[in-house]
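Q: Coordinates for the following, if possible.
(chains A, B, C and D)
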Number of protein chains: 2
Amino acid sequence: MELKRTAEGEKGFEKVFAFLRERLLAGSLKPGDRLISERELASLLGVSRPIVREALRALTVLGIVEIRDRIGTVVTRPDVSVLNDFFTFALAQQADMLDDVMQARVAIECQAIRLACERANIADFERLQRALAKIGETIDEADAGGMADFDFHRAIVVASHSETLTVLHSSMAGLLTHSHRSRRELVQAFPSMKTYLIDDHRRIFEAVIARDPERADATLRKHFAIGDEYRRRAVVGDIDKSSASG
Amino acid sequence: MELKRTAEGEKGFEKVFAFLRERLLAGSLKPGDRLISERELASLLGVSRPIVREALRALTVLGIVEIRDRIGTVVTRPDVSVLNDFFTFALAQQADMLDDVMQARVAIECQAIRLACERANIADFERLQRALAKIGETIDEADAGGMADFDFHRAIVVASHSETLTVLHSSMAGLLTHSHRSRRELVQAFPSMKTYLIDDHRRIFEAVIARDPERADATLRKHFAIGDEYRRRAVVGDIDKSSASG
DNA sequence: TTAGCATACTGGTCTGACCAAGATCAGACC
DNA sequence: GGTCTGATCTTGGTCAGACCAGTATGCTAA
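A: Just a heads-up that it's a prediction; the model follows:
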């Protein structure tokens, strides 16, 4: 379809990019390999060095390679930061996407917790337990509390032993950190939130321990729903906007 | 923490990239806007044009801007292709990631179907129904059948009216298309798969129509599980590997 | 054998230049 | 006066060659 890559008809950048893409996808360039120097690449493909740099830079932002100053360019294992950047930019231009990203996060986490029920090992359990304890300890602190909350949820995803889920989750995590924090600041406003936070997370933890995917998923979903409800109430209570038009 | 962007201490590329990132994230550069020319940007930031091009190219592969030959560089709405590229590269270097990506896909789709139950409109229902009909019609064709299957699942995600979920789903879709196809080729091998494919999808459809998130999610999950089972049986039957160490 | 230095090599960047084609505006023509 | 045409300006696309600053290497001298 859109192949014929590395043929002659391409512009400079495309040529270099396609050349590298080919080797990368074919596997002849594996993580850890060092590419030939920019100069060699340039003369090899009949383009100038700036063009080669464009291509290398492109692969860099995709997290495929890493340009090391005065050392060379090496192939790396795909990195999270790409998705992070993407979501960051995407969100900046469409702020309404935040709820949307939250939905994706819920999706990832609920799937992760199901897998975690099957795959979690002792170390995962311990990590979860530590995170759970931390939540209890930092219940009155906005910053530390938010982080503890985040750590717990991340521990769930890590326990799924799925790299893709982990990558996706952490790429969205940064963006949702703010909402995490602001939610945490509601603890003072809603005293009932303390028990919600502690009990919910404990129930989630117990479901994972019990290795009961259905219960874990359902409990986690409920947890998110209640969190949303708190946030909604806070908005209405504070600003009292959107009171019209039901 | 890691700010101080656009300060003086940065290297050329970082300076330009940070400069643009700032405006992009702050919103002073919105989709549709045209950037100043490369030359202006270069002199403005005190770097050379090749460096500016690196930065612009970086933003291009991130799907943030589009460089139009002899026109200029314009800000675009974030595009799916980034994630597509990323997953493609990532998968190429870790083939074992395929099951992992499948998990992510299940995650997205199950969340999407829940949202679809709430948000789907008549048009969505019709699209689903058409896709469902197509599945029945093409049940004996590998290619068309696979596409019909794929369309149905995509219709679910579209019906969620969540752009993020849609983006994530479609970015993984291409990669899983092969497995879709190969699964479809099993139809001949397992006659019972016909009813499985048709009935399952109909049940899923009905659950969405009924706007029953729990049932929809559960049905969809079961659908995936059975599909996995078929695939597993096919592998065992065909190749009979992994028969030991059950 | 080993310590030390010269050198080749690497990425990082700049300068200035050329090309092709879209954008613009002045002048010519209707 | 209005419209069309073409010269010119501007834009991206690219190249060639050069310089810098460290790294890596290897050769030489101790």
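Q: what sits against the nearest residue to A:Lys134 once chain neighbours are set aside?
A: The shortest distance from A:Lys134 to any residue other than its chain neighbours is 4.0 Å, reached at A:Ala148 (Cβ to Cβ, 6 or more residues apart in numbering or on different chains). The C-beta positions use only the backbone N, C-alpha and C, and glycine is treated the same way. Residues in contact with A:Ala148 (Cβ atoms under 8 Å, 6 or more residues apart in numbering or on different chains) are A:131, A:134-135, A:137-138.
Q: if we go to 6 Å?
A: Contacts for A:Ala148 (Cβ atoms under 6 Å, 6 or more residues apart in numbering or on different chains) come out as A:134-135, A:138.
Q: what does the model give it for pLDDT?
A: pLDDT for A:Ala148: 90.
Q: wait, which of the contacts of A:Ala148 is closest to DNA strand D?
A: Proximity of the contacts of A:Ala148 to DNA strand D (Cβ to the nearest atom of the strand) peaks at A:Lys134, which lies at 39.9 Å.
Q: State the helix or strand in which that closest one lies.
A: helix A:122-137 (DSSP states H and E).
Q: List the buried residues for that helix?
A: A:124-125, A:127-128, A:131-132, A:134-135 (16 or more other Cβ atoms under 10 Å in any protein chain shown).
Q: Mind picking the two most distant members of these?
A: A:Asp124 and A:Ile135 (16.6 Å; Cβ to Cβ).
Q: quick revisit: now render the buried residues of helix A:122-137 as TSV, adding distance to B:Arg53.
A: What follows is the buried residues of helix A:122-137, written out as TSV (distance: Cβ to Cβ, whole Å):
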residue	distance to B:Arg53
A:Asp124	46
A:Phe125	51
A:Arg127	45
A:Leu128	48
A:Ala131	45
A:Leu132	50
A:Lys134	47
A:Ile135	48
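Q: how close does A:Leu35 sit to chain B?
A: As judged by Cβ to the nearest Cβ, to the nearest Å, A:Leu35 and chain B stand 15 Å apart.
Q: what's the answer for A:Ala55, then?
A: To chain B, A:Ala55 is 8 Å away according to Cβ to the nearest Cβ.
Q: and that residue, what is it in contact with?
A: With Cβ under 6 Å, 6+ apart, A:Ala55 has these contacts: A:13, A:16-17.
Q: Considering the residues you listed, which possesses the most neighbours?
A: Counting neighbours by other Cβ atoms under 10 Å in any protein chain shown, the top entry in the contacts of A:Ala55 is A:Val16, with 27 neighbours.
Q: and the gap between the residue nearest to that residue when sequence neighbours are not counted and B:Arg53?
A: Nearest residue to A:Val16 in three dimensions, chain neighbours excluded: A:Ala55, at 3.8 Å (Cβ to Cβ, 6+ apart). With distances taken as Cβ to Cβ, to the nearest Å, A:Ala55 is found 11 Å from B:Arg53.
Q: State which helix of chain A is the longest.
A: Identified as the longest helix of chain A according to DSSP state H is helix A:213-239.
Q: before we move on, the earlier item: ok, and which of the buried residues of helix A:122-137 reach DNA strand C?
A: Among the buried residues of helix A:122-137, no residue sits close to DNA strand C (Cβ under 7 Å from any atom of the strand).
Q: how about these in CSV, adding distance to B:Ala216 and pLDDT?
A: As requested, those are arranged in CSV below (distance: Cβ to Cβ, whole Å; pLDDT from 0 to 100):
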residue, distance to B:Ala216, pLDDT
A:Asp124, 30, 96
A:Phe125, 32, 97
A:Arg127, 33, 96
A:Leu128, 29, 96
A:Ala131, 31, 95
A:Leu132, 31, 95
A:Lys134, 36, 94
A:Ile135, 32, 92
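Q: now, among these, which is nearest to chain B?
A: A:Asp124 (16.4 Å; Cβ to the nearest Cβ).
Q: distance of the nearest residue to the closest one once chain neighbours are set aside from B:Arg127?
A: Excluding its sequence neighbours, the residue lying closest to A:Asp124 (Cβ to Cβ, 6+ apart) is A:Ala159, at 3.7 Å. Going from A:Ala159 to B:Arg127 by Cβ to Cβ gives 37 Å.
Q: Equivalent analysis for A:Thr138, please.
A: The value you get for A:Thr138 to B:Arg127, if Cβ to Cβ is used, is 47 Å.
Q: Which SSE is immediately downstream of the helix-or-strand element of chain A with minimal mean pLDDT?
A: Sorting the helices and strands of chain A by mean pLDDT, DSSP states H and E puts helix A:186-189 at the bottom, at a mean of 66. Of the helices and strands lying after helix A:186-189 in sequence (DSSP H and E), the nearest is helix A:192-209.
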